[in-house]
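Engineer: Build the 3D model from these lines:
(chains A, B, C, D, E and F)
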Protein chains: 4
Amino acid sequence: MFLKIQFENDMPIYEQLRNQIVQGIASGQLKEGENLPSVRQLAADLGINLHTVNKTYNLLKNEGFLVVHRRKNVIVNSCEKMHKYRSLTKIKEQLYPILAAASCRGADRQKLTELVHDIYNDFETNKENI
Amino acid sequence: MFLKIQFENDMPIYEQLRNQIVQGIASGQLKEGENLPSVRQLAADLGINLHTVNKTYNLLKNEGFLVVHRRKNVIVNSCEKMHKYRSLTKIKEQLYPILAAASCRGADRQKLTELVHDIYNDFETNKENI
Amino acid sequence: MFLKIQFENDMPIYEQLRNQIVQGIASGQLKEGENLPSVRQLAADLGINLHTVNKTYNLLKNEGFLVVHRRKNVIVNSCEKMHKYRSLTKIKEQLYPILAAASCRGADRQKLTELVHDIYNDFETNKENI
Amino acid sequence: MFLKIQFENDMPIYEQLRNQIVQGIASGQLKEGENLPSVRQLAADLGINLHTVNKTYNLLKNEGFLVVHRRKNVIVNSCEKMHKYRSLTKIKEQLYPILAAASCRGADRQKLTELVHDIYNDFETNKENI
DNA sequence: GTGGTCTAGACCACG
DNA sequence: GTGGTCTAGACCACT
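Structural biologist: From the prediction side, this is the model:
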C-alpha cells in the first residue's frame, strides 16, 4: 500500500488518509471497482486506531469516492457516480482563500495556472506508469 | 466593515476572519498601509471575544499580511514584505487535495484553469470598483 | 522536571519557560524526539495557567524547537529540522545591543569570546553528565 | 542625528532608542562628554512622544551611559564611570538564551565567536571613520 | 486524556 | 486607548 501517515503533521490522521486515497484515485493507483483493505487491516498496517480508519472510510463514502459492498468490502466507486458529486461552486470556495493568499504574495494567475497544470500532470504521469 | 462571521460554520471563527481579511487585501478593499479596527472594536462589531480577534491578528502578523505599527495600531503590510512569504511548493501542497478530488469528479484542467481565472477576475474587478 | 518559574521576574512567564526549554534542548537534557509533559500537567506542576503553557508550546513550535505528535503529544523536534531555522543575521541582530553595552562598559572582544566559550562549555558538560 | 525609529518593530520605541544610543557610544559616534539633544528636541526630530524620550534618557542614566548635568543638558558619561557598571554574570545571563537557541540550530562556538568579532569590528571601523 | 478553540475579566506596558 | 499577558472555565475534535 502506498499510504503513509505523518504523525507530526497538523492535519488529522483521518484527513491525511482521506487525501491520500483521493489522490490515489485521481492518479489511477486506485482504480474503479478496486477494493481497499479492511478497516482492521489498514489500521494494523499503519499503526493507527480502528476508529480513525473507520472515520476516513465513512467520510469517503459520504463524499462518493467509496462504496461499501454487501460483503463488507470497501471498493472504489465508479467515475460516473463520482461525477455526480462535482460542484464547481464548492471547489471555487475551497480555492478562494488559497488563491487570495497566493495573490497577495505575488503569485499571479500565470503562476497559478502553471501550478494547476503541474498537479494535473502529476496525476497523469502516475497513470501512465501503471 | 465588510467582515462577517458565520457562527454555524464548522470553520473556526479566527480562521474565517483570517480568510476574509486576506481576501480583502487580495481584492484591494484593504490597501497597503491601511489600518484595521482595534482588537476591541472589531470584537464588539462582530459580537465575538477580543481574544479571538487577537488570535486572528497574530496569525496574520506571522503570515506577513499585517504588522503592528506603534501609532497606527494594526496595518496592512507592504506588498514587497508579503512577497517574501511566497512559497510555491506550499501553495501546491494546499492545492493538491482539492484538485485531486476535483479531478476524480470529472473537473478537468480546463475547468480548473477557468476557475482560477474566475477568482483572479474577482480580485481585480473589486479593485476597479474602489 | 528541571523547569522553574520566577514569578517576581519582569520577563513574562511564557518567555521564561521558552528559554528554559530551549536551554534544556541545547544542553541535552531534552533529547530529540523526547516528549514533554502535557499542557495541563506542566501547568499544574508549575502552578500556572494551562493557556500560558500552551502559548509557550505554540511559540516553540513556530520556532521549530517542538512539534506536536499525534500520539506522543508534544516532542522535541529533530536537529535537522531545527537547523533550518538558523539565521546568522538574526542572531547578530540579537547580539548587537548586548555587545554594544558590554563594549561601552569595557568588556573587550577577548572577554566576550571567553563568555561564549563558557556558555558552550555549560551546554556540553551537561550533555556529558547525562 | 543618526537615530531612526522603526514604528513597525516589536521592540518598544524607548528601547530602540536606548539601543541605538548605546551603539552610538560603542562605535564612537557619541563621545565621552558629548551632549545629546534635549528631550523636547529629540522628540520633535523623531516624531515621537516626549515621555518616550524621557523614559529612554532615564533608563540610560540608570544604566550609567548618560549623566544629567546641572544645566539640564544630557551628556555621555565617561568611560571609567561606565566600566563600573560592568557585570559579566549579567552579560552571560543575557547571552544565554540567544546562544542556546543558536546552538540548537546548529551554530557552533566557532560561528558564534566569528559573529562576536564581526560585531566588534563594526564598532571599531565606525570609530576609524570619524 | 490530549491539544485546540472560544469566552470572560483583569492588569500592565506603551505612547 | 492600544496591544500584550495572565488567569479561569467551558466545550469540542481527535485518538
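
Engineer: So which elements touch the top helix by length along chain A?
Structural biologist: Secondary structure of chain A per DSSP state H: the longest helix is helix A:109-128. Packing partners of helix A:109-128 (3 or more C-beta pairs under 8 Å, 6 or more residues apart in numbering or on different chains; DSSP states H and E): helix A:88-104, helix B:88-104, helix B:109-128. (Each C-beta comes from the backbone N, C-alpha and C, glycine too.)

Engineer: Look up the closest residue to A:I48, ignoring the ones flanking it.
Structural biologist: With sequence-adjacent residues excluded and distances taken as C-beta to C-beta, 6 or more residues apart in numbering or on different chains, A:I48 is closest to A:I13, at 5.8 Å.

Engineer: wait, isn't the one you found in contact with A:I5?
Structural biologist: Yes: between A:I13 and A:I5 there is a contact at 5.7 Å, judged by C-beta atoms under 8 Å.

Engineer: who touches both of the two?
Structural biologist: A:I48 (C-beta atoms under 8 Å, 6 or more residues apart in numbering or on different chains).

Engineer: Could you check which of those two has the larger neighbour count?
Structural biologist: More crowded of A:I13 and A:I5, by other C-beta atoms under 10 Å in any protein chain shown: A:I13, with 20 against 16.

Engineer: Over to A:V67: give its phi and psi.
Structural biologist: Backbone torsions for A:V67, taken as degrees, to the nearest 10, come to phi -130, psi 140.

Engineer: err, A:N35, not the other one
Structural biologist: Main-chain torsions, A:N35, degrees, to the nearest 10: phi -110, psi 150.

Engineer: what number of residues lie near it?
Structural biologist: As a burial measure, A:N35 scores 13 neighbours (other C-beta under 10 Å).

Engineer: ok now do it, which residues does it touch?
Structural biologist: Contacts of A:N35 by C-beta under 8 Å, 6+ apart are A:H69, A:N73, A:V74, A:I75, A:V76.

Engineer: And for A:E15?
Structural biologist: A:E15 makes contact with A:T56 under the criterion C-beta under 8 Å, 6+ apart.

Engineer: pLDDT averaged over the host helix or strand of it - what is it?
Structural biologist: Per DSSP states H and E: A:E15 is located in helix A:13-26. For helix A:13-26, mean pLDDT rounds to 95.

Engineer: hmm, it touching DNA strand F?
Structural biologist: Yes: Helix A:13-26 lies within reach of DNA strand F by C-beta under 7 Å from any atom of the strand, at A:I13, A:Y14, A:E15.

Engineer: what ranges of chain A fall below the confidence cut-off?
Structural biologist: A:1, A:70-72, A:127-130 (pLDDT under 70).

Engineer: Repeat the analysis, applying 90 as the threshold.
Structural biologist: Along chain A, the model assigns pLDDT under 90 to residues A:1-2, A:68-73, A:86, A:124-130.

Engineer: care to break it down by domain?
Structural biologist: Structural domains assigned to chain A are A:1-84, A:87-130, following automatic domain parsing.

Engineer: got TSV for those domains, with distance to D:I119 too?
Structural biologist: TSV is the format used below for these (distance: least, C-beta to C-beta, whole Å):
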stretch	distance to D:I119
domain A:1-84	36
domain A:87-130	33
